[in-house]
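[1] Structure, please.
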Amino acid sequence: MSDEKNLELERLTRWRRDLHRIPELDFELPQTMAYVRGVLEGLSCEVLKPCESCVCAWFDLGRERSVALRADMDALPVTERTGAAYASAAPGRMHACGHDGHMAMALAAATWVDDVVGGRADDVCAEDLPRNVLVVFQPAEETTGGAALVCESGVFDRCRVERIFGFHLWPDLPAGALASRPGPLLARSSEVTAEFAGRSSHIARWREGRDALAAAARFVPSAEAMCGRLQKELGEPCLLRFGRLEAGTVRNAIAGAARAEGSLRVFSDAMFDRAREAVTTLAANAAKTEGCTAKITFSVGYPPVVNDAALFFAVEKTLPELGRIDEPLLIAEDFAFYQRHLPGVFVLLGTGTGVPLHADAFDFDERVLLAGADAYRRLLRMP
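    Down below sits the predicted model:
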């Protein structure tokens, strides 16, 4: 490895591990924001705060149009079990989804742009950057979708941004490998809650009751099966599964209330509308069969991550090592809000560990960040 690469890896590792030690949640990111600002304020950029708990580096190169890069800053309410020397110093909080790595790569991109503008980058000068550069560090990806607030702030319009790129570390890809796909990549997520109201009675007088538990038990498998049929009918993924079912108070009384909690994953608004209608009807029918009533709610959730096809094909030419993912993935990501505002491409970067995201043992070798940082540099030079 060259001296230049060693220096870059040293910086990436330092930034990532420093940030890993100070995980914060949702919009409460004072230490993380201060760290990011501390790096950016030493660069030749304007540091912006377009909305709550968001930090941006704005490099105005006098171009007509701009490109944005995105990193997420929030961590998860997970107790770390890696045993690493740089483990979380905050009990019950951990960067278990790679956001510390995402921030490190974005800081590397900002630092490189600063070097280019300052004439310190080998073989690259400011004229080689066809667009102004906005580097976005956003809050609340894991919770309420901080990306939506960034879009609503108007910062992309003010900075004339016409495209956006982002990365996510991915344990199931080989270390340092890049992969994505045109069109749908990640799912739209919606939390589904079905509440059944009946009437409790002793089981010895069960005919006097209205069995909410039985209604929920009818509903859950029928709703899951219905989404499977919609998938076959419409030829696109539709998944509904329930992870929690709660009913009743004691074993010898008919349950007067039941609640089923699940998650719906789809890749289009049309499929979401079809699934919502079908599942709502099934809940009403299951309730009616048992003499109960049903109330079903769907959270707004995140839209699907859909890569702009024309921009994706341009990215493939710029990153010839980019692999193709055959099928869309069922996880959700709030990068989708950016793609509803402007063309964007989201890329997965392999860690090669197989340790799943959100696990208390999630960790990775920082050398994989070199691939992401290098890809960012080439994307910023893309015509």
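[2] and the strand or helix carrying His102, what does it pack onto?
    In the assignment (DSSP states H and E), His102 maps to helix 99-117. Other elements packing on helix 99-117 under the criterion 3 or more C-beta pairs under 8 Å, 6 or more residues apart in numbering; DSSP states H and E are helix 3-21, helix 30-40, strand 55-59, strand 66-72, strand 132-138, strand 161-170, helix 368-380. All C-beta atoms are positioned from the backbone trio N, CA, C, and that covers glycine.
[3] closest to Glu327 out of those?
    strand 161-170 (14.3 Å; C-beta to C-beta).
[4] same for the closest one, what does it pack against?
    So strand 161-170, by 3+ C-beta pairs under 8 Å, 6+ apart, packs with strand 66-72, helix 99-117, helix 335-341, strand 344-350, helix 368-380.
[5] Return the set of buried residues in that strand.
    Residues of strand 161-170 classed as buried by neighbour count (16 or more other C-beta atoms under 10 Å): 161, 163-170.
[6] Now that strand - C-alpha only, CSV.
    The C-alpha coordinates for strand 161-170 follow below in CSV (Å, rounded to 0.1, in the frame of the first residue of the first chain):
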residue,chain,number,x,y,z
VAL,A,161,-28.2,20.0,-6.4
GLU,A,162,-29.1,17.7,-9.4
ARG,A,163,-28.0,14.3,-8.1
ILE,A,164,-27.1,12.5,-4.8
PHE,A,165,-25.1,9.5,-3.9
GLY,A,166,-24.9,7.4,-0.7
PHE,A,167,-23.3,4.2,0.6
HIS,A,168,-24.3,1.6,3.1
LEU,A,169,-22.0,-1.0,4.6
TRP,A,170,-23.2,-4.5,3.8
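[7] mind checking how far it is from the chain centre?
    Averaged C-alpha coordinates place strand 161-170 at 11 Å from its chain's average position (C-alpha atoms, centre = their mean, to the nearest Å).
[8] Could you spell out the sheet neighbours of that strand, each with its direction?
    strand 66-72 (parallel), strand 344-350 (parallel) (DSSP bridges).
[9] Is it possible to get JSON lines of these that adds mean pLDDT and distance to Ala34?
    Formatted as JSON lines, the strands paired with strand 161-170 follow (pLDDT from 0 to 100; distance: least, C-beta to C-beta, whole Å):
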{"stretch": "strand 66-72", "mean pLDDT": "98", "distance to Ala34": "16"}
{"stretch": "strand 344-350", "mean pLDDT": "98", "distance to Ala34": "26"}
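[10] and the ones you listed as JSON lines, adding distance to Arg181 and mean neighbour count?
    Putting the strands paired with strand 161-170 into JSON lines (distance: least, C-beta to C-beta, whole Å; neighbours: other C-beta atoms under 10 Å) gives the following:
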{"stretch": "strand 66-72", "distance to Arg181": "19", "mean neighbour count": "24"}
{"stretch": "strand 344-350", "distance to Arg181": "10", "mean neighbour count": "24"}
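[11] Compare the ones you listed and give me the one nearest Val150.
    Once these are compared by C-beta to C-beta, strand 66-72 is nearest, at 8.3 Å.
[12] Provide the contact partners of the closest one at residue level.
    99, 102-103, 105-106, 109, 131-139, 141-142, 146-147, 156, 159-166, 334-335, 338, 376, 379-380 (C-beta atoms under 8 Å, 6 or more residues apart in numbering).
[13] switch the cut-off to 6 Å
    For strand 66-72, the external contacting residues (C-beta atoms under 6 Å, 6 or more residues apart in numbering) are 99, 102-103, 106, 109, 131-132, 134-138, 141, 159-161, 163-166.
[14] Going through these, which ones are buried?
    Buried among those (16+ other C-beta under 10 Å): 99, 102-103, 106, 109, 131-132, 134-138, 141, 159, 161, 163-166.
[15] For the closest residue to Asp308 other than its chain neighbours, grab the count of nearby residues.
    Excluding the flanking residues, the one nearest Asp308 by C-beta to C-beta, 6 or more residues apart in numbering is Pro343, at 3.8 Å. Neighbours of Pro343 under the rule other C-beta atoms under 10 Å: 17.
[16] mind listing what Pro343 touches?
    By C-beta under 6 Å, 6+ apart, the neighbours of Pro343 are 163, 308, 311.
[17] Identify the spatial nearest neighbour of Ala359, chain neighbours not counted.
    Nearest one to Ala359, counting by C-beta to C-beta, 6+ apart, is Ala96 at 6.2 Å.
[18] Around that neighbour, how many other residues sit close by?
    Using other C-beta under 10 Å: Ala96 sits among 27 other residues.
[19] Where does it sit: helix, strand or coil?
    coil (DSSP: H, G, I helix; E, B strand; the rest coil).
[20] measure it to Pro30 for me?
    20 Å (C-beta to C-beta, to the nearest Å).
[21] Now do the same contact list for the closest residue to Leu173 other than its chain neighbours.
    Once flanking residues are discounted, Leu173 sits nearest to Gly350: 2.8 Å by C-beta to C-beta, 6+ apart. Going by C-beta under 6 Å, 6+ apart, Gly350 touches 170, 173-175, 177.
[22] For Val67, see how far away Gly350 is.
    Distance from Gly350 to Val67, by C-beta to C-beta: 24 Å.
[23] for Gly352, same thing?
    29 Å.
[24] what's across from the residue lying closest to Arg207 once chain neighbours are set aside in the sheet?
    Distances taken as C-beta to C-beta, 6+ apart place Ser201 nearest to Arg207, at 8.0 Å, with adjacent residues excluded. Ser201 forms beta bridges with Ile254, as assigned by DSSP bridges.
[25] related to what we said a few turns ago, is it possible to get a markdown table of the contacts of Gly350 that adds pLDDT?
    Below are these laid out as a markdown table (pLDDT from 0 to 100):
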| residue | pLDDT |
| --- | --- |
| Trp170 | 98 |
| Leu173 | 98 |
| Pro174 | 98 |
| Ala175 | 98 |
| Ala177 | 98 |
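[26] Tell me which of those fall in helices.
    Judged by DSSP state H, the subset of the contacts of Gly350 located in helices is empty.
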